[in-house]
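Asker: let's see this in three dimensions:
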Amino acid sequence: PYVGMADDTRQKTSLALSALVVTAVFVGVGLPMWWMTTSVYRADLPLEAINELSTVKPNYKINVTLVVPGISLGSSATIIRALLDVLTINKTSDEAGNLRPSAGYSVSARPARQTELRVFQMSFGSISELDEVMWHEVETQPGGYLVYQLPKDVSLYGSKPSIYVGQHRCIYITHGLLEAVLPRVAEIFEQVVVNTDMVSAAYIATTDSQQINKRLKAEVMTAVRSKPGYRISFSLLNPEPNRFQVGWNIRTATREYLHPLLDRLAVMGKFTVESQILRYVNLGVTPKLDNKEKGYYLTQAELPHTINPVESRLGTYVSSDPSIDFLVYVPPLSQFPLYIVDEGGERVASNAFLSPRWGGILVYNLNKSEDVQVVDVPMEEIMPVFVSELRLLLGMSNLKPSLQDVLIAEPHSTGISDWELDGLLLRRCMENIATTTATLTSLIQLLEEVKNMVIADQIQTQVVKATDSIAECHRHMKSGRLLDAFLLSKQAIESSETAFFDPSMLALLYFPEDQKFAIYVPLFVPVSLPLLLSTGAALKHLFKGKDKSAKQQTDETDSIMDKTSTETSS
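Answerer: As a prediction, the model looks like this:
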């Protein structure tokens, strides 16, 4: 009987040890493997560098070179100090404490070179002709400008204006002493060439548009947001194709009027131009009858309501790039002629209106006196209007500030001056910096709030790329390399938005903690309960067997001691 009891005890001990081994494998191998295979991968991100971006003050430098024939070293130092004194240095922050861009000017002076003196000695019919010739003789980079004091013997240009702002990056003082017009030169840089208020507004409006005044806000909010590409669409709307057919030579018109401008703006992004003719499409608004003028008109309050009915027919859903739409609307004969009036009730000369960040609509009235069934829209009339509106939508102003004794050259055939392009790149650069900083900051906040969101390696790569690009952009801005800074800011905004909208981050975004319990509890409870019970029973058996062995050993020791004592007594 004792042998059978010993075998039974050994069998129970073996089962207890097996249960403990299974539990050890489950805890030591199974749980870690489950944790590793179900945990969310989160790559490390440069959190400190991103947090520092929001505290960095954007500074940019403008390089100004004064060219004065025969100037001495001492005179140049005096003129440089005088110009720096009158140039306004922007405040570091506004009244609300928000960081804003700060302009710095690097001013130098030199005498005119031989090539420049030869240009001065030539005979020109106008100052604009001199500007074109001079531009081919000098080299300047975006953000760098030349201020020429014309020699005293040059009297071709008359007495006024005293300052001429050329189409390129040259400013000419046609007569008078340079020292006397330096305050006017400073105004030209701050209000025309650089336009420091618009630069600050472009930066601040990205985060808080309430911190800029009404005029600047209107200009900033009119322009479309900075993007890697834009889609420009031209549409001809004919509500009555059964009564007349309307055509247009849009291909030739865009090539002559639009492409020269887009070629200059190619550094900003990729522009795609499309066109279409839509029939049986109305504006969706009934114009008012004007008995006095014998026509119909649309007021400023009615114009916004004309966009929604038309927009659904434009078919602009094939591209992720923002769309800029230009529409030519030929009103039906029942609403002929149709005019657009301003707030004062006066007809708008262009008979067109602009919708901020959307596009423009031009109303073209047919010549009713001609009984024709086929009409061609005169592109020479509508394209200048659309080019002017496109400039506004891309962030360029068509109105120049009125400065006394200052003549500002009109843009040449390309539709944009070189200094206008510089100012546009500067404002877009500031917008890109602010947008990228806000995007990265929002991304970090989102990742901190949602702990189970995946941070893949490609997201880490894009975030690091965007952060490094912005840091490098700030360095280029401070050194005056405007074009390089803009390209870096463009790269930064592309990388930040690629990281923010990466599809892999959404894999577990809508997988809350309570759903984890709903999934894993039915799995682990049936497995863990038997393990816990068997582990408890095994431990109980082992400790009970250990106590029994210890008691048996004690009893045997006492028996031996009693036996020894008895023998000694005998």
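
Asker: for the rest of this, base every contact and every neighbour count on C-alpha atoms.
Answerer: Noted.

Asker: so the residue nearest to residue 373 when sequence neighbours are not counted versus residue 376, what's the distance?
Answerer: Nearest residue to residue 373, sequence neighbours excluded (CA to CA, 6 or more residues apart in numbering): residue 244, at 4.5 Å. Using CA to CA, to the nearest Å, residue 244 is found at 11 Å from residue 376.

Asker: neighbour count winner among the two?
Answerer: Legend: neighbour count by other CA atoms under 10 Å for residue 244 and residue 376, higher for residue 244 (17 against 11).

Asker: stretch 271-285 - what's its average pLDDT?
Answerer: Stretch 271-285 carries an average pLDDT of 89.

Asker: can you give me the end-to-end distance of that stretch?
Answerer: End to end - CA to CA - stretch 271-285 spans 32 Å.

Asker: what sits up against it?
Answerer: Identification of contacts with stretch 271-285 by CA atoms under 8 Å, 6 or more residues apart in numbering yields 229-241, 250, 262, 302, 305-307, 309-310, 313, 331.

Asker: ok, now stretch 81-89?
Answerer: 102-105, 107, 179, 182-183, 186-187, 190.

Asker: for residue 221, give me its contacts.
Answerer: 356-357.

Asker: rerun at 7 Å
Answerer: If you count contacts by CA atoms under 7 Å, 6 or more residues apart in numbering, residue 221 has them with residue 356.

Asker: please apply the same query to residue 331.
Answerer: So residue 331 contacts 239, 338, 365 (CA under 7 Å, 6+ apart).

Asker: in the contacts of stretch 81-89, which residue is surrounded by the most others?
Answerer: Busiest of these [other CA under 10 Å] is residue 103, holding 23 neighbours.

Asker: tell me which element it falls in.
Answerer: Assessed by DSSP states H and E, residue 103 sits inside strand 102-110.

Asker: pLDDT weak spots in the stretch 451-570 of the chain?
Answerer: Applying pLDDT under 70 to the stretch 451-570 of the chain flags the ranges 506-517, 520, 541-542, 545-570.

Asker: helices of that one, start to end?
Answerer: 457-479, 482-500, 513-569 (DSSP state H, counting those that start in this stretch).

Asker: what do you get for the stretch 151-300 of the chain?
Answerer: Going by DSSP H, counting those that start in this stretch, the stretch 151-300 of the chain shows helices at 178-188, 196-204, 214-222, 250-253, 259-264.

Asker: return the member of those helices having the minimum mean pLDDT.
Answerer: Minimum mean pLDDT among the helices of the stretch 151-300 of the chain: helix 214-222, a mean of 75.

Asker: okay, buried residues for that one please.
Answerer: By 16 or more other CA atoms under 10 Å, the buried positions in helix 214-222 come out as 216-217, 219-222.

Asker: could you do stretch 450-469 as well?
Answerer: So, applying 16+ other CA under 10 Å, buried residues of stretch 450-469: 452-456, 459-460, 462-469.

Asker: rewinding a little: of the contacts of residue 331, which is the most crowded?
Answerer: residue 338 leads these on contacts (other CA under 10 Å) with 26 neighbours.

Asker: could you check the pLDDT of that one?
Answerer: 90.

Asker: just checking, it touches residue 290?
Answerer: No. Contact criterion CA atoms under 7 Å: residue 338 and residue 290 do not qualify, at 9.8 Å.

Asker: any shared contact partners between these two?
Answerer: Each of 296-297 lies in contact with both residue 338 and residue 290 under the rule CA under 7 Å, 6+ apart.

Asker: residue 473 and residue 433: what is the separation?
Answerer: Residue 473 is 8 Å from residue 433, where distance means CA to CA.

Asker: okay, and the common contacts of those two?
Answerer: With CA under 7 Å, 6+ apart, residue 473 and residue 433 have common neighbours residue 489.

Asker: for the contacts of stretch 81-89, work out which two are farthest apart.
Answerer: Greatest spatial distance in those: 102 and 179, 25.4 Å, computed using CA to CA.

Asker: number of residues surrounding residue 351?
Answerer: So residue 351, with other CA under 10 Å, has 17 neighbours.

Asker: got the contact list for it?
Answerer: 339-340, 362-363.

Asker: neighbour-wise, which of the residues you listed leads?
Answerer: residue 339 (26 neighbours).

Asker: what bridges to the residue lying closest to it once chain neighbours are set aside?
Answerer: In space, and not counting its chain neighbours, residue 339 is closest to residue 297: 4.5 Å by CA to CA, 6+ apart. For residue 297, the beta-bridge partners under DSSP bridges are residue 288, residue 339.

Asker: quick one, what contacts residue 297?
Answerer: Counting by CA under 7 Å, 6+ apart, residue 297 has contacts 287-290, 338-341.

Asker: so can I have a markdown table of the helices of the stretch 151-300 of the chain showing distance to residue 277?
Answerer: Below are the helices of the stretch 151-300 of the chain laid out as a markdown table (distance: least, CA to CA, whole Å):
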| stretch | distance to residue 277 |
| --- | --- |
| helix 178-188 | 44 |
| helix 196-204 | 36 |
| helix 214-222 | 26 |
| helix 250-253 | 10 |
| helix 259-264 | 21 |
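
Asker: relative to residue 25, which of these is closest?
Answerer: Closest to residue 25 of these is helix 196-204 (CA to CA; 59.5 Å).

Asker: and the angle for the closest one with helix 214-222?
Answerer: Taking axes from the mean of the first three to the mean of the last three CA atoms, to 10 degrees, one finds helix 196-204 and helix 214-222 inclined to each other by 50 degrees.

Asker: so what secondary structure elements neighbour helix 196-204?
Answerer: Helix 196-204 sits against helix 214-222, helix 418-449, with contacts defined as 3 or more CA pairs under 7 Å, 6 or more residues apart in numbering; DSSP states H and E.

Asker: returning to that earlier point: could you check how far the residue nearest to residue 339 is from residue 288?
Answerer: Separation of residue 297 from residue 288 (CA to CA): 5 Å.

Asker: please apply the same query to residue 429.
Answerer: Residue 429 is 45 Å from residue 288, by CA to CA.

Asker: neighbour count: these two, which is higher?
Answerer: Between residue 429 and residue 288, counted using other CA under 10 Å, residue 429 has the larger neighbour count: 29 against 14.

Asker: now that one: closest residue in space, sequence neighbours ignored.
Answerer: Using CA to CA, 6+ apart, the nearest residue to residue 429 is residue 486, at 5.0 Å.
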